[in-house]
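[1] attaching a predicted model along with its sequence, questions to come.
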Amino acid sequence: MEEKKRKVCIICSKANLEDVYAALILANGARMEGIEAEIFFTFFGLDAITKKRMDKLHTPVVGNPGLRMPGGLPFPTLLGIIPGVEALVSSMMKKEMEKLDIPPVSEFLDMIKAAGGKIYACKLAMEMFKLKKEDLYDDIDGILTVGEFYQRAEGAQIIFV
Amino acid sequence: MPKKVYASIEVEVDEEGYMVDMKQWTPEIAEAIAGELGISLTDRHWEVINFLREKAEKGESLTLRKLGKTGPVPIKELYQLFPNGPLKKAAKIAGLPKPRGCV
């Protein structure tokens, strides 16, 4: 007898590095536990599956009270407005993640697909940002309306990031 | 500590059935644990199990990503060989502690 299947549907609505990774880790982690997983990328979250941008995501350095300098001191917001600082902080963050074996976004999507997870893009947000299917990660499972998303999510737990 | 009998050998296990002492492990025990999980071991399974044990003997614990990238079997196939939780199931069969990585 097959156990009752658990399923999570994760909505990724932001393009910040930390939000996208939260969604990816939740989805991949679910698959590693034998839980079905789907991610629905909407609004700015579409950056994470847009080929040109997916591996260039940034962590915000202005108005991010959680951000610390390498020594642990608070990161001054005014420093964040200097050109290049956000890119530098983001690349440092990615290096630290790589040390923990957290892959770049494109490879993470490959992992989730290899694990049997599903990846969907939001139709309305694509129209808003004038994105075409060709602009997106090649291996997405489809483009959904919000209604179709809910149909897919029936009986699943929904997580909004 | 709970005990369990696999292939007529009594081994110590944790609450979730992972072996506590990897030295007690034998290939026959692996077959028995796999049977319990509904998996019949093929050569490909053994390649993964042996790889995990070699790494564990060196004190390395693997993430699924590293296992897929550096091991004998890619991630997609790992999910086919050990359905619904490849790293956990492979570790259990290999007589190793429950993996606690998030990737």
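    Done, it's in.
[2] pick out the residue closest to the middle of chain A.
    The C-alpha lying nearest the average C-alpha coordinate of chain A belongs to residue A:20 (Cα atoms, centre = their mean; 2.6 Å).
[3] contact residues of chain B facing chain A?
    B:63-66, B:68, B:74-76, B:79, B:83-88, B:101-103 (Cβ under 8 Å from any Cβ of the partner chain). Quick note: C-beta positions are derived from backbone N, CA and C, even for glycine.
[4] and the longest helix along chain B, what does it pack onto?
    Longest helix of chain B, by residue count under DSSP state H: helix B:43-57. Packing contacts for helix B:43-57, counted by 3 or more Cβ pairs under 8 Å, 6 or more residues apart in numbering or on different chains; DSSP states H and E, involve helix B:64-70, helix B:75-81, helix B:86-93.
[5] now the residue nearest to the centre of chain A: closest residue in space, sequence neighbours ignored.
    Nearest residue to residue A:20, sequence neighbours excluded (Cβ to Cβ, 6 or more residues apart in numbering or on different chains): residue A:48, at 4.4 Å.
[6] just the residues contacting the host helix or strand of residue A:149, thanks.
    Applying DSSP states H and E as the criterion places residue A:149 in helix A:146-152. Helix A:146-152 has contacts (Cβ atoms under 8 Å, 6 or more residues apart in numbering or on different chains) with A:9, A:11, A:38, A:40, A:120, A:122, A:124, A:144.
[7] could I get it in PDB with only the CA atoms?
    Taking Å, rounded to 0.1, in the frame of the first residue of the first chain, the C-alpha atoms of helix A:146-152 are listed here in PDB:
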ATOM      1  CA  VAL A 146      -4.000  31.600 -10.900                       C
ATOM      2  CA  GLY A 147      -7.000  29.300 -11.300                       C
ATOM      3  CA  GLU A 148      -4.800  26.600 -12.800                       C
ATOM      4  CA  PHE A 149      -2.400  27.000 -10.000                       C
ATOM      5  CA  TYR A 150      -5.200  26.400  -7.500                       C
ATOM      6  CA  GLN A 151      -6.400  23.300  -9.400                       C
ATOM      7  CA  ARG A 152      -2.800  21.900  -9.200                       C
END
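[8] which residues belonging to that helix are considered buried?
    A:149, A:152 (16 or more other Cβ atoms under 10 Å in any protein chain shown).
[9] give the rounded mean pLDDT of that helix.
    In this model, helix A:146-152 has a mean pLDDT of 96.
[10] residue in chain B nearest to chain A?
    residue B:84 (2.9 Å; Cβ to the nearest Cβ).
[11] off-centre distance for the longest helix of chain B?
    Its chain's C-alpha centre and that of helix B:43-57 lie 8 Å apart, by Cα atoms, centre = their mean, to the nearest Å.
[12] what residues sit buried inside it?
    Within helix B:43-57, judged by 16+ other Cβ under 10 Å, the buried ones are B:45, B:48, B:49, B:51, B:52, B:53, B:55, B:56.
[13] of those, which is the nearest to residue A:113?
    residue B:48 (20.2 Å; Cβ to Cβ).
[14] chain B contacts on chain A?
    A:25, A:28-29, A:31-34, A:100-103, A:111, A:114-116.
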